[in-house]
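Trainee: I'll drop the sequence and a predicted model, then ask my questions.
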Amino acid sequence: MGHIIAIVGGKGGVGKSVFAANMAIAYQLNFKQRSLIVDLDFQSLGDQNIILGMNPPKNIVDLTKTQVPQWDPKTLAPFMMNHQQGFSFIGAPREAAVAKDIDLDGLGKFFKAATQIFPWVIVDCGSGTEPHALKALEQATLIFVVTTPDVIVVNQTRRIMSKIQELLFPPEMIQIIINRYSQTNLINPQMIQKNLGKSPFFAIPEEAATCEASLAKSQPFTIANPGAPISRAFSDLVRRIDQAKMLEQLAKLNKPTGTAKKLEVIQGGASASIMPAPTDGGIISRSRSAPVDPWTAMKLRVHRALIDVVDMKKMNADMNDPRQKDVLRAKTTKAIVDVLNKEDLAQLCPTREHRAQLVKEILDEALGLGPLEDLLADDTVTEIMVNARDQIYVEQGGRPGLSKVTFTSEQQMMNVIERIVTPLGRRVDEKTPYVDARLQDGSRVHVIIPPLALRGPTITIRKFPKKRIVATDLVKFGSMTQEISDFLRACVEAKLNMIVSGGTGSGKTTLLNVLSNHIPANERIITVEDAAELQLGQDHVVRLETRPKNIEGEGEVSIRDLIKSCLRMRPDRIVVGECRGGEALDMLQAMNTGHSGSLTTVHANNPRESLGRLETLVMMAGLGLPLKAIRETIASAVNVVVQQSRLADGSRKVTHISEVVGIQGDTITLQDIFVFKQEGLDKNRKIIGRFVPTGFIPKFIEEMEAKGMKVSRGLFVAK
C-alpha cells in the first residue's frame, strides 16, 4: 500500500507547488521508487506544468470523468506523463470552466487505486478547502501545510489549519513546513509554533537564485542542481519521513469522511465548531485563548452532530423567510435535544435551567447571532465591540466593560457576519475585507476581517433603541432642556438648514433622527445614508441607501450619486445621514437651490471645526473651487450648527447651538446661541452643568416671526 501526501498552502505565493514537485522528485531520487504528482490546485490552473516542464495532453478532470473497470498503469497511461528521471505527473486543467466539471466520486476512486500503484502520491491541494481537495485530504496519510516566516502568511496559515481541524482530521497528520527560511528572518520557528499551536516539522532554506533559475528553465532544482543546499534539504526531508516510519504510523489513524459536505454546510451558514489553536501574545497573536471549558466543549460536540443530522445550509437560507422562522427553530430545537439526550449531562447541567440555557446558546449559534443575541436583547447595552472571538466589550451607561460571553470560534464569527451582510446584498471576504451593514432593528454594524484584522474578525455594533427616541426622551436624559428642544423644533419647522456636529459615538445620528421627526407630515422627505439607520415617523418618506461594488468591482452607488438622484424626485427636505466626502458640496448646493430645511451630520469637535470640516469635504469633490467660494457657499447654505458631545462621564449632551451669521472677509462668522457650561462633578463623578443662553438673538428670529411662528425673546436673555 502506498501513501497520499497532501500539500496545502496557507496563502498564495508561499511556494507550495514548488515544494510539492521537488519533494516528489527527492523521494524518487533517494529511494529509486516512482512517485506520482497530482495537480489539484484549481486556483493556479497549470503552475505545476511550468515547474516540471511537462504538458500532459489530458488532465485530472478528464480522468475523473472516464469510466474504467479498474485503474492500473495501462488505463492511467493516456492521462499521465512519465518523466525520464522516474516520476509521473497528472496535471490540472488550464481553464476554470473545465475545472468545475470534476467528478468527485471518480476522483475518490482514482485515489484509492493510485495507492495500489505508487508508493508515494504527492497531491498539490491549493488551499485544501475546496471539495476536490478535501477528497485528497480524506484519503491522505499526511497533510503538509506550507507557510513562510511572514506575519500575514502565518495569520492565513492559522485560518487554513483551523478549517482542517474543524473537519476532525487528527492533529498528528497535519504538519507544518516552513518554506524560504533564513536565520535572519524576524519571524522564527518559535514564534510560528506559538501562534499556530504546533511545532514546525521541517524548514526549507531560502535560496531564491536557485529557485528562479530552475523556474526559468522549467526544470525542478532537485534535478537541475541536486547539490544545492535547498535540494539537499529536500533529501533530508524525505529521509526523515522514511526513517521515522512516519507514514506507517499515521496510516493507523482514523480519518473523517464526508468532509466536503461538512465544509459546504459550514461555509453556507451553519454554526461552526472550529477548535482554535492556542496562542498567547507575540506579534501575530490574536487573543489570549484559554483552554476550552466543558460547557464550550459540549457545544462543539453538539454542533458537529447537528451538521450530520440537520441540513443547516438549507435551514439558514430559509431563515430569511419570517414565516419559516418558528418552524425552523422548532425543528432545530428538537434536533439539539435529541443530540443532548445521548450525552451525559449530570455534572454539566445539574438543573433544568442549565439544560435550557445550553439549548438556547446552541440554538442562537445555529440560527441567530450566537453570543450577540443576549447582548442585543439587553436594553442597557448601547454598543458591542468584538475585538476577538474571546474578547467582547460592551458599553453600558456610557462606559465600556469586558463581557463574559465569547464566541466558540472564529468560523462561528464569520457565520454570524455572513448572516448580517448577506440579506443586504453585501459581502465581506479577502478581496473586500470590511463592510458597513445594519441589523433588522436598524443597529449599525461595521465588520473588518483578516488579513486587515490581525487578531481575527472584528465586529462593532452601534445598537439602535427598540423604542424610537423622541425629543422628550433627550430632555429626560439631560441631553438638552425643554426650552432648547422647543427652539430646535421651531428651527426645523422654519426650514432652516441645520448641521449636527459631533465626535464618534456622541449621538449625532440619534439627534438627527429626533430633529427629522419635527418635519411636518405633509412634506416629502428623502433620506440618503450609507447604512440605513434613520427611523422617521412620517409617511411621506423615501429612503435611499448606498450600494458597494460587486465582486467584479462594478455597480457602486455612492452618496453623491444618490443626492444627485434625489434632487430629481421633488424633495421638500433632504436628510443625509453623514457627509464624509465630496457629497458635502452636493448637499450645500441643494441647500442653496430651493431645498431649505435640509439636515445632515459631520464629524467635528466644536461648531467652528465643523465649518472647517465642511471646507475640507467640499475640496474632496475635486472641482478645484477657490477657498473663498467654498466659504461663501457654506455661509449662505448653513443656518444652524448643533454640537453634540460625549462628555467624560459618558453622558451625551447638546453643548452648543450656533448660528452661521455670514462671512466677513475670508472668515465665516459664527455666533453661539446656547452653550452647556460644566460646573463640576458630583459624588458619583457625574458632570454637573447647565444650559445657558449667550444673550445673542439669532438673525433668523425675525424671519420666523414673519412666518407667524412665536419664539419668546426672553429665551435668549443671558442668565
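Mentor: The structure has been received and is ready for your questions. Quick caveat: nothing in here was measured; it's all calculated off a predicted structure.
Trainee: which phi and psi does Ser409 have?
Mentor: For Ser409, the backbone dihedrals (degrees, to the nearest 10) come out as phi -160, psi 170.
Trainee: Count the residues that sit near it.
Mentor: 27 (other CB atoms under 10 Å). For the C-beta atoms, the positions are set from N, CA and C on the backbone; glycine is no exception.
Trainee: same thing with Lys707?
Mentor: 9.
Trainee: From Ser485, how far off is it?
Mentor: Here Lys707 is placed at a distance of 20 Å from Ser485 (CB to CB, to the nearest Å).
Trainee: Helix or strand next in line after the longest helix seen in the chain, which one?
Mentor: Looking across the chain with DSSP state H, the single longest helix is helix 322-340. Tracing the chain C-terminally past helix 322-340 and defining elements by DSSP states H and E, one meets helix 352-367 next.
Trainee: Would you map the helices across the stretch 201-350 of the chain?
Mentor: Remark: helices assigned in the stretch 201-350 of the chain by DSSP state H, counting those that start in this stretch are 208-217, 221-224, 229-243, 246-250, 259-268, 294-309, 312-318, 322-340.
Trainee: Which one of those has the poorest average confidence?
Mentor: When these are compared by mean pLDDT, helix 259-268 comes last with a mean of 46.
Trainee: How about Ala305, nearest residue that isn't a chain neighbour?
Mentor: Val339 (4.5 Å; CB to CB, 6 or more residues apart in numbering).
Trainee: longest single strand anywhere in this structure?
Mentor: strand 667-681 (DSSP state E).
Trainee: For it, buried residues please.
Mentor: Ile668, Leu670, Asp672, Ile673, Phe674, Val675, Phe676 (16 or more other CB atoms under 10 Å).
Trainee: swap in stretch 536-549?
Mentor: Counting neighbours by 16+ other CB under 10 Å, the buried set in stretch 536-549 is Leu536, Val541, Leu544, Glu545, Thr546, Pro548.
Trainee: now swap in stretch 331-350 and tell me
Mentor: For stretch 331-350, by 16+ other CB under 10 Å, it's Thr332, Thr333, Ala335, Ile336, Val339, Leu340, Leu348, Cys349.
Trainee: Over to stretch 519-533?
Mentor: Counting neighbours by 16+ other CB under 10 Å, stretch 519-533 gives Ile519, Ile525, Ile526, Thr527, Val528, Glu529, Asp530, Ala531, Ala532, Glu533 as buried.
Trainee: Of the buried residues of stretch 331-350, which pair is most distant in space?
Mentor: Largest separation among the buried residues of stretch 331-350 by CB to CB: Thr332 and Leu348, giving 20.5 Å.
Trainee: tell me the SS of Asp486?
Mentor: helix (DSSP: H, G, I helix; E, B strand; the rest coil).
Trainee: Can you get me a residue count around it?
Mentor: So Asp486, with other CB under 10 Å, has 16 neighbours.
Trainee: Val661 is in contact with Val641, correct?
Mentor: No: checked against CB atoms under 8 Å, the pair Val641 and Val661 is beyond contact range at 11.3 Å.
Trainee: what about Arg573, distance to Met173?
Mentor: From Arg573 to Met173 the distance is 65 Å (CB to CB).
Trainee: now stretch 487-504: mean pLDDT?
Mentor: 92.
Trainee: The chain should start at 24 in everything you say after this.
Mentor: Yes, from this point I'll number from 24; that puts the last item at stretch 510-527.
Trainee: Start and end of it, how far apart?
Mentor: 25 Å (CA to CA, to the nearest Å).
Trainee: Distance from the chain centre to that stretch, please.
Mentor: With CA atoms, centre = their mean, to the nearest Å as the basis, stretch 510-527 stands 35 Å off its chain's centre.
Trainee: buried ones in it?
Mentor: Buried residues in stretch 510-527 (16+ other CB under 10 Å): 510-511, 513-515, 517-525.
Trainee: Turn the residues you listed into a markdown table, including distance to Thr623 and secondary structure.
Mentor: Shown next, in a markdown table, are the buried residues of stretch 510-527 (distance: CB to CB, whole Å; DSSP: H, G, I helix; E, B strand; the rest coil):
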| residue | distance to Thr623 | secondary structure |
| --- | --- | --- |
| Phe510 | 20 | helix |
| Leu511 | 15 | helix |
| Ala513 | 19 | helix |
| Cys514 | 14 | helix |
| Val515 | 13 | helix |
| Ala517 | 17 | coil |
| Lys518 | 15 | coil |
| Leu519 | 13 | coil |
| Asn520 | 9 | coil |
| Met521 | 8 | strand |
| Ile522 | 6 | strand |
| Val523 | 7 | strand |
| Ser524 | 10 | strand |
| Gly525 | 12 | strand |
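Trainee: any idea which of those is the one closest to Asp705?
Mentor: Gly525 (24.1 Å).
Trainee: ok, what's across the strand from that closest one?
Mentor: Each beta-bridge partner of Gly525 is listed here: His626, Gln667, as defined by DSSP bridges.
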